[in-house]
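Colleague: Could you look at this predicted model? Sequence included:
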Amino acid sequence: MDLLDKKLLTMIQSDFPVANKPYQVIGDMLDISEAEVIDRIKRLKEAGIIRRIGGVFDSRKLGYYSTLCALKVSEEEIEKIAAIVNAIPGVTHNYVRNHAYNMWFTLIGPSKEEVDNTIKDLKRKIKVKEIMNLPAVNFFKVRVKFDLYQQCK
Amino acid sequence: MEVTELDKKIIRLLQEDLPICAEPYKQIAKELAMEEEELLNKIQQYVDYGIIRRLGAVLRHRKAGITANAMVVWGVESPRIAEVGKSMAMFPEVTHCYERSTYPDWPYNLFTMIHANSKEDCYEIADKLSKTFDISNYQLLFSSEELKKTSMKYF
């Protein structure tokens, strides 16, 4: 990645232009051609740095319910249990973390009832007594935008 | 804003991948059998109403060089939580900040995500926050393995 890639990536993580020719608008801001913007974005996608370009939605505003869950899994069982957890469509993130509660996943569903039922079913399937269910009660910030450009200065 | 059947159709496409061609919205509008201008108005409306939290590139941040992320959990006395939560959220290194319930063996009620270039930087940032807010009861949970990461498919 060169500096222009980093500038481009920092810019297009939010406020992607809602315009007939968005890549032209981005090019104008960076003082490069529309074709170059398209080439660079294609390359960054092929390199796997850009996962996708699109909308990230506010689940609550769409009427969905979300929560964070944590459970304690033995080292040997991580793979097996992860496969069962990950098969749930509403599980969007799942990480192993360094704590007694070592498996952390996010779960989104159409309602609180459905999410609670999913957790209940999961408990039965993986035969654990406790899944810690931690829905947010207050949202102070959600912002996943990384400034790759500032870091180089 | 009420989400109509047309909105759902549009959202289903916007949660996928925008085509990388000169006129990507025109292509989507064609798939939806609607006018491009109408689609652009709809999308702008979603952005204005906050239904779309963010429109743009979703990165694989590890590949983009942001290699360390820590979930830092804090035990904050209840009367202070709103004030501390709002203030922590102002730090640029903090990308997420939520209050969550506690459990008998889980005393931490404030969750922050910190993204940095190294684990050491994460520790430093957490230490800075701990001193700033005078909270000594906290832990850093680093992810050692990513088991799943996708975008939610609504509707």
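Modeller: It's in. Numbering: from 1, shown residues only, chains lettered A, B, ... in the order given.
Colleague: which residues are in contact with the helix or strand of chain A with the lowest mean pLDDT?
Modeller: Across the helices and strands of chain A, mean confidence by mean pLDDT, DSSP states H and E is lowest for strand A:136-142: a mean of 88. Here strand A:136-142 makes contact (Cβ atoms under 8 Å, 6 or more residues apart in numbering or on different chains) with A:66-68, B:53, B:81-82, B:85-86, B:88-89, B:94-101, B:111. For glycine as for every other residue, the C-beta is placed from the backbone atoms N, C-alpha and C.
Colleague: Equivalent analysis for stretch B:78-94, please.
Modeller: A:138, A:140-141, A:147, B:74, B:76, B:97-99, B:109-110, B:112-116, B:125, B:129, B:133, B:135.
Colleague: In strands only, show me those.
Modeller: Among those, the members found in strands (DSSP state E) are A:138, A:140-141, B:74, B:97-99, B:110, B:112-116.
Colleague: Now list the buried members of the contacts of stretch B:78-94.
Modeller: A:140-141, B:74, B:76, B:97-99, B:109-110, B:112-116, B:125, B:129, B:133, B:135 (16 or more other Cβ atoms under 10 Å in any protein chain shown).
Colleague: Just give the nearest non-adjacent residue to residue B:9, would you?
Modeller: residue B:32 (5.9 Å; Cβ to Cβ, 6 or more residues apart in numbering or on different chains).
Colleague: ok, that neighbour - contacts?
Modeller: B:9, B:10, B:13, B:39.
Colleague: In ChimeraX, how would I select just the buried ones from those?
Modeller: Of those, the buried ones can be selected in ChimeraX as follows, counting by 16+ other Cβ under 10 Å:
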select /B:10,13,39
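Colleague: Rebuild the contacts of residue B:32 as a markdown table, extending it with secondary structure and pLDDT.
Modeller: As requested, these are exported to a markdown table (DSSP: H, G, I helix; E, B strand; the rest coil; pLDDT from 0 to 100):
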| residue | secondary structure | pLDDT |
| --- | --- | --- |
| B:9 | helix | 97 |
| B:10 | helix | 97 |
| B:13 | helix | 96 |
| B:39 | helix | 98 |
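Colleague: which among the contacts of residue B:32 gets closest to chain A?
Modeller: Using Cβ to the nearest Cβ, residue B:13 is the member of the contacts of residue B:32 that lies nearest chain A, at 8.5 Å.
Colleague: In terms of secondary structure, what does the helix or strand hosting residue A:42 contact?
Modeller: Residue A:42 is part of helix A:34-46 when elements are defined by DSSP states H and E. Under the contact criterion of 3 or more Cβ pairs under 8 Å, 6 or more residues apart in numbering or on different chains; DSSP states H and E, helix A:34-46 touches helix A:3-12, helix A:22-30, strand A:50-57.
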